[in-house]
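# Pasting a predicted model and its sequence here:
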Amino acid sequence: MATMQIKSIDDQLYNALKIKAKADNRSLSQQVVMILKEYLSKPDPRLQHQTDEFLKLAGSWKNDESAEKIPDLTIINWTNSDV
C-alpha cells in the first residue's frame with residue numbers, strides 16, 4: 001500500500017479533519033482516506049454535462065448528402081470561410 005504525505009495544510013482544515021475523524025471514530029489518516037474515496041467514487045459532473053449535451057445532438061443532424069460526402073463538404077466550407 002502506498003504512503004502519502006501532505007505538507008503545509010491549513011491549521012483550520014487540519015483541526016476540522018481531526019474533529020470529523022474523532023466524531024467518526026477514525027484516525028486522521030483513515031478519515032482523509034475515507035474522504036478521498038467518497039469524493040473520487042462520485043461521477044464527475046462535468047463529464048455528465050458533456051454526455052447530456054452529446055445526447056441532445058444525437059439524431060439531430062440533418063443533411064441530404066451521404067455520410068461519405070459530408071467530410072468533403074466540411075473541408076470545402078472550412079477552406080472557403082473568412083476565418
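Thanks, I have the structure now.
# what comes up buried for the host helix or strand of Val32?
Using DSSP states H and E, Val32 falls within helix 28-41. Residues of helix 28-41 classed as buried: 31-32 (neighbour count, 16 or more other CB atoms under 10 Å). (Glycine included, C-beta is placed from N, CA and C.)
# Off-centre distance for stretch 27-42?
Here stretch 27-42 is found 18 Å from its chain centre; the criterion is CA atoms, centre = their mean, to the nearest Å.
# do stretch 38-58 as well
Taking CA atoms, centre = their mean, the mean C-alpha location of stretch 38-58 is offset from the chain mean by 7 Å.
# same question, stretch 12-25
Using CA atoms, centre = their mean, the offset of stretch 12-25 from its chain centre is 27 Å.
# Could you list the residues in contact with that stretch?
Residues from elsewhere that reach stretch 12-25 (CB atoms under 8 Å, 6 or more residues apart in numbering): 27-28, 30-32, 34-35.
# farthest pair in those?
Greatest spacing in these, by CB to CB: Ser27 and Ile35 (12.7 Å).
# Would you map the helices across this structure?
For the chain, the helices identified by DSSP state H occupy 11-23, 28-41, 45-57, 70-79, in order along the chain.
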